[in-house]
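J.: Sequence first, then the predicted structure:
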Amino acid sequence: DSTDYITYESMRNTNVPRLLGIPNPISYAMLCISLRKHWKQIQNHFEHHTKGQKHKISRLHIRKMKNTNVLFEMNYKGGDNDPELDLLFGARYIVRADISKCFPSMYSHALPWAIVGKQIAKNNRSPEEYYNDLDLRTRNIKDGETNGFLIGPHSSNLLSEIILVAVDSKLSKKWKYVRHIDDYIAYVQNPKEAEQF
């Protein structure tokens, strides 16, 4: 069942407040149980969308790390020796962009769309499908609303990565870039390419 959440205002170093969301413990536990239950399918989704990348585009890079229970580090620096230097060679411009209000703009139905495609998800709304279960549990921590992921819980990073790796699999066919959650650094040849990115 859906429940409301508590908002907590945290001041950023720029003196702009950030609204954090503290989910109802029962609804949050149900989301975490769903994530755990479907972890293999989620891993397969990440593998499918990151396979063949010349470098790890997402610097969050969700994975099971040794000697810890955490799923990610905010700035992943291991394994591929920081690709940004290699991406810089041949580029004349660096583009820095971000998704405005990333978590608040995420749409829970985009989880199934990212996992199986929009048309398949719209044609199959069965709660038995794991992607629909993730959508439901994500909505339930926001009082049944489809718009926005809570800022604060680690589950929101995981859920946003489900969507953003699917976006990366399309963008990376044309652009050379890395992504730090919702912050993009692209390496391009000219101002026109910079604007296009």
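T.: Good, I have the coordinates.

J.: okay, CA-based contacts and neighbour counts for the rest of this
T.: Noted.

J.: How about residues contacting the helix or strand that contains residue 111?
T.: Assigned by DSSP states H and E, residue 111 falls within helix 110-116. The contact list for helix 110-116, computed with Cα atoms under 8 Å, 6 or more residues apart in numbering, reads 45, 118-121, 131-132, 134-135, 159, 162-163, 166.

J.: which of those residues lies closest to residue 174?
T.: residue 166 (14.2 Å; Cα to Cα).

J.: Show the pLDDT at that closest one.
T.: According to the prediction, residue 166 has pLDDT 97.

J.: so after the longest helix along the chain, what's the next helix or strand?
T.: Assignment by DSSP state H gives helix 154-171 as the longest helix of the chain. As assigned by DSSP H and E, the chain's next helix or strand after helix 154-171 is strand 177-180.

J.: can you pull the buried residues of that following strand?
T.: 177, 178, 179, 180 (16 or more other Cα atoms under 10 Å).

J.: Give me the nearest residue to the last one, chain neighbours excluded.
T.: The spatial neighbour of residue 180 that comes closest, neighbours along the chain excluded (Cα to Cα, 6 or more residues apart in numbering), is residue 59 at 5.1 Å.

J.: Now restrict the contacts of helix 110-116 to buried residues only.
T.: Applying 16+ other Cα under 10 Å to the contacts of helix 110-116 flags 45, 121, 131, 132, 134, 135, 159, 162, 163, 166 as buried.

J.: quick one, what contacts the third one?
T.: In other words, residue 131. So residue 131 contacts 111, 112, 115 (Cα under 8 Å, 6+ apart).

J.: distance of the nearest residue to residue 149 once chain neighbours are set aside from residue 85?
T.: Distances taken as Cα to Cα, 6+ apart place residue 103 nearest to residue 149, at 5.0 Å, with adjacent residues excluded. From residue 103 over to residue 85 the distance is 29 Å, taken as Cα to Cα, to the nearest Å.

J.: and if you look at residue 141?
T.: Counting by Cα to Cα - residue 141 and residue 85 are separated by 40 Å.

J.: The two: who's more crowded?
T.: residue 141 (27 against 8; other Cα atoms under 10 Å).

J.: Quick check: the more buried one touching residue 28?
T.: Yes. Using Cα atoms under 8 Å, residue 141 is in contact with residue 28, at 6.1 Å.

J.: residue contacts, residue 58?
T.: Contacts of residue 58 by Cα under 8 Å, 6+ apart are 165, 178, 179, 180, 181.

J.: can you check residue 148 too?
T.: With Cα under 8 Å, 6+ apart, residue 148 has these contacts: 103, 104, 105, 106, 107, 108.

J.: Show the buried residues in those.
T.: 103, 106, 107, 108.

J.: all strands of this structure, in order?
T.: 6-11, 17-22, 93-98, 177-180, 183-188 (DSSP state E).
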